[in-house]
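# here are the coordinates; sequence isn't available:
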C-alpha cells in the first residue's frame, strides 16, 4: 500500500495554540488522476478542518495560493502534484521570509508596502484627451512581460535580499511593476520614479541570482526588468529629462 | 550615497585590479629570472609605485563595499532574529563592531602597503 499512498508533510502553526511551528504528516490514497496541489490541500482539509490556506480563483489568476512546494515557491492551483512529487512525498510550507499568520497563510504587509512604494499607477499631469492616451504598437509592446504580474509574491519571497531587507529592498515583484511604469510612454514621472529607486538598497540589493525568474508561475523575468532599471539609473540626468519630455 | 556610485565603484575597481594583475604577471612572464634586484628595480619606478598604491586603495574600497553589504544583510535585527532573540536585540552593536573591525583592519592594511611601497 505504500506505493499507493501520498505522504504529505504540512507546515502547521496556530499562534493561539502552538508555541512553535511544526511539520504535521498526513497520508492519503494516491488520486487516480493527476490533480493540482490545491486539490490535494482541499482533500486534506476534508480530513482536518483546522488547516488554513488562501485560495480564490483556482486557475492561476488571483495569486492567492502562493506557497513553498517541495522547496520551490509556486501557485498551488496550477502546480500538478506529478511535477513536484518526490518518492511519493510532498512538503508544503508557507512562502519563506514573511511572518506566518497561521499554517500556510502569511502576512504580506511588507510585500504590499514595497508595491505601494513604487506608485503602481500612471502619472501624467497633462490634460487628458477626450477618449484615451494613445500608444503606438511599438510602445505598447514594451509592456509585454511586465503587466502580467499577479502579485502572488512567489518571486519576492524566494529572494534572499528580500528576506534580509524587506523594508529597504523593493523586491523583484515590485521592481517588475516599477519598470512597467518606467517603460510606459504615457507615464511622465520617469525622473521622480528613478530618484526614488536610486539609493543603495531599493534596486541595488539585487545581485541577480535569478531565483525570481526560476519560480515565477507566469513565466515573467523580473531580473531583466531590474537590469533595465539599473541601466536607466546609470544614464545621466540629462538623458532622463529628455526622455521624460517625449 | 547613490546606489549606482557604489555599484560602479565595485565593478570598476575590480577591472582595475584585474588590469594590475595582468601587468604584474606580464612582468613576471617577460623576465627570465626574477630575483630580489629585478623585483626591487621594478618597484622603484614611480609609475609602478603609483599604480600599486591606487590598486591597493581600490582593493580596500572594493572589500569595504562587499563587507558592508554582508553586514547590512546578515547582521541586522531581522536576520539575527532567525537565530536568537538576544542576538537580535544587539544587532546594531554587533554590526557597528563588525564595521569598526574591518574598517580598522583595512586602514592598517592600506597604511602598511603605502609605507612599504613609498618609504
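That came through, no problem. Computed from a predicted model, the values in this text were never measured in an experiment. Numbering: from 1, shown residues only, chains lettered A, B, ... in the order given.

# List the contacts of the residue of chain B found nearest chain A.
Nearest residue of chain B to chain A, counting by C-beta to the nearest C-beta: residue B:3, 3.6 Å away. Any C-beta I mention is one placed from the backbone N, CA and C, and that applies to glycine too. Residues in contact with residue B:3 (C-beta atoms under 8 Å, 6 or more residues apart in numbering or on different chains) are A:198, A:199, A:200, A:201, A:202, A:203, A:204, A:233.

# again with residue A:65
Counting by C-beta under 8 Å, 6+ apart, residue A:65 has contacts A:38, A:53, A:54, A:55, A:56, A:58, A:75, A:76, A:77, A:152.

# what about the residue nearest to residue A:40 when sequence neighbours are not counted, neighbour count?
For residue A:40, ignoring the flanking residues on the chain, the nearest one in space by C-beta to C-beta, 6 or more residues apart in numbering or on different chains is residue A:81 at 5.8 Å. When neighbours are counted by other C-beta atoms under 10 Å in any protein chain shown, residue A:81 registers 21.

# Residue A:81 contacts residue A:38, doesn't it?
No: contact criterion C-beta atoms under 8 Å: residue A:81 and residue A:38 do not qualify, at 10.0 Å.

# how many neighbours does residue A:192 have?
A total of 12 residues lie near residue A:192 under the criterion other C-beta under 10 Å.

# how about the helix or strand harbouring it against chain B, any contact?
Here residue A:192 sits within helix A:190-196, counting by DSSP states H and E. No: shown here: helix A:190-196 not in contact with chain B (C-beta under 8 Å from any C-beta of the partner chain), separated by at least 9.7 Å.

# Counting neighbours, which bits of stretch A:131-143 end up buried?
A:142, A:143 (16 or more other C-beta atoms under 10 Å in any protein chain shown).

# whoops, stretch B:77-94 was the one
Neighbour counts over stretch B:77-94 (16+ other C-beta under 10 Å) mark B:79, B:80, B:88, B:91, B:94 as buried.

# Contacting chain A as well, which ones from these?
residue B:79.

# Which ones among the buried residues of stretch B:77-94 lie within helices?
With helices taken from DSSP state H, the overlap with the buried residues of stretch B:77-94 comprises B:79, B:80, B:88, B:91, B:94.

# Verify the contact between the last one and residue B:77 for me.
To tie it back to what came earlier, the one meant is residue B:94. No: at 10.1 Å, residue B:94 does not count as touching residue B:77 under the criterion of C-beta under 8 Å.

# Is residue 7 within a helix or a strand, and which one?
Since you didn't name a chain, this refers to chain A. For residue A:7, the enclosing helix or strand under DSSP H and E is strand A:5-12.

# my question was about chain B
Using DSSP H and E, residue B:7 sits in helix B:3-30.

# any idea of the mean pLDDT in the very next helix or strand once past that helix?
Per DSSP H and E, helix B:3-30 leads on to helix B:36-44 as the next helix or strand towards the C-terminus. Average pLDDT, helix B:36-44: 91.
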